[in-house]
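Trainee: Prediction below, plus the sequence it came from.
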Amino acid sequence: MSAVIVSYARTPIGKFRGALSHLTAPQLGASAIKGALARLPDGHAPKIAEAYLGNVLSAGIGQAPCRQAVLGAGLPEATICNTVNKVCASGTKSVMLAAQAIECNAHRSSQEAPIAMLAGGMESMSNTPHYLPTSRSGVALGHAKLIDGIIHDGLWDPYDDVHMGSCAEKCATEYAISREDQDRYAVESYKRAREAMELGIFDDEIVPIKVPKKRGKEMPDVTTDEEPGAANLDRLPTLRAAFEKDGTVTAGNASSINDGAAALLLMDEGQAVGMGLTPLARIRSYADAEGPPVQFTTAPSNAVPIAVERAGMTLQDVDYHEINEAFSVVALANSMILNLDMAKVNIFGGAVSLGHPIGMSGARIIGSLYQVLKRSDATVGCASICNGGGGASAIVLERLN
């Protein structure tokens, strides 16, 4: 059985404490799910048997975030739900797990009704709480320390006890990637994202999000990503290093902290065509790779060749790449190792310019890759993303529509 993507939708990506901060991650996820379902032709909705949704910063959300999103989208209570945490690669891994379930025919039954798998990811970094770890045992005397949940559970390497930005600094040093290289890349990412927005490239994938009234006044829906238009690119070279004294990684050439969700519907290709749906893309292969935690930045360069080989291809067969821009140095280093043409990497911008809601991004880059293939009239693409702990996930798509 061959897994195909039949629908994709995402929310706009909101700035930290921005226009989407009134919504929890499951609420954002529900909006993306509704959007993916709404993009199916009338009367052609398959039964969704199971859902995999990535979510990293789950503290304070309540139990079973995926379940909340699925029921919030109005899906039946019989839908099986799984929350996936592979840090930044959660959304990609969710798609891989959904594809595996289809390929294994895991939901086979005597009933002939076509079934689909739901995959994606969601994050509200704005609503991630601070922790007071000493509160349960009590503070006998002195100060109590608040722990930032975003940093502790999303952005900190517990193996080397450093911020992941410090790992990016090590990568920049190892591959001789300068501050100027990273700033230049970041500026190009913003320019590409802004141009894509002006051309309306993201319009058909974004689900509008309603905003609460302010002082009794109706507010316009959020329909575009907030991050690309917010940066002052002239200031980029003046920003101080964010993680190491005399370092090269700054808030401007790293990804930002954001909110958002993305959802994809996957089916067996034969069932999809049989019920009158036009698949968007075929999932040709996928792979994970792991290495030293401090070297997570270059883990995609290990995962991509495995995924490409499993697809029966070579790197030369891949028309375009999406490499998640956790930091500018990540895209630069992996492109260098894989000897990629930078004109064919992240051509509509990436996480540096669009934003990086960490549970969402792995799903977003798959949707973005499809858009790249469609707009470029290309056939084969590879999306890859590093994750904390030294890992990465990669997936190869073949555009069908």
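Mentor: That came in fine, so what should we check first? Note that the coordinates shown come from a computational prediction; the quantities given were computed from them, not determined experimentally. Residues are numbered from 1 along each chain as shown.
Trainee: now the strands for this protein?
Mentor: Using DSSP state E, the strands assigned to the chain run over residues 3-10, 14-15, 47-54, 80-84, 115-124, 130-131, 147-148, 156-157, 162-163, 258-268, 281-290, 320-323, 380-387, 391-399.
Trainee: Show me the one of the ones you listed that comes nearest Gly355.
Mentor: When the strands of the chain are compared by CB to CB, strand 258-268 sits nearest Gly355, at 3.5 Å. (Each C-beta comes from the backbone N, C-alpha and C, glycine too.)
Trainee: for the stretch 51-200 of the chain, what are the low-confidence residue spans?
Mentor: The model of the stretch 51-200 of the chain has pLDDT under 70 over residues 109-112.
Trainee: Among the strands of the chain, which comes closest to Lys245?
Mentor: Among those, strand 162-163 comes nearest to Lys245, with 13.3 Å by CB to CB.
Trainee: counting contacts, what elements does the closest one pack onto?
Mentor: Judged by 3 or more CB pairs under 8 Å, 6 or more residues apart in numbering; DSSP states H and E, the packing partners of strand 162-163 are strand 156-157.
Trainee: List of residues touching the strand it packs on?
Mentor: With CB atoms under 8 Å, 6 or more residues apart in numbering as the test, strand 156-157 has contacts from 162-164, 166-167, 293-294, 296, 388-389.
Trainee: Turn the strands of the chain into JSON lines, including distance to Thr238 and mean neighbour count.
Mentor: Shown next, in JSON lines, are the strands of the chain (distance: least, CB to CB, whole Å; neighbours: other CB atoms under 10 Å):
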{"stretch": "strand 3-10", "distance to Thr238": "33", "mean neighbour count": "26"}
{"stretch": "strand 14-15", "distance to Thr238": "21", "mean neighbour count": "23"}
{"stretch": "strand 47-54", "distance to Thr238": "35", "mean neighbour count": "25"}
{"stretch": "strand 80-84", "distance to Thr238": "39", "mean neighbour count": "21"}
{"stretch": "strand 115-124", "distance to Thr238": "30", "mean neighbour count": "32"}
{"stretch": "strand 130-131", "distance to Thr238": "30", "mean neighbour count": "15"}
{"stretch": "strand 147-148", "distance to Thr238": "26", "mean neighbour count": "14"}
{"stretch": "strand 156-157", "distance to Thr238": "27", "mean neighbour count": "18"}
{"stretch": "strand 162-163", "distance to Thr238": "22", "mean neighbour count": "17"}
{"stretch": "strand 258-268", "distance to Thr238": "23", "mean neighbour count": "30"}
{"stretch": "strand 281-290", "distance to Thr238": "37", "mean neighbour count": "21"}
{"stretch": "strand 320-323", "distance to Thr238": "27", "mean neighbour count": "28"}
{"stretch": "strand 380-387", "distance to Thr238": "28", "mean neighbour count": "29"}
{"stretch": "strand 391-399", "distance to Thr238": "32", "mean neighbour count": "27"}
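Trainee: List just the one of the ones you listed that sits closest to Phe243.
Mentor: In terms of CB to CB, the element of the strands of the chain nearest to Phe243 is strand 162-163, at 5.5 Å.
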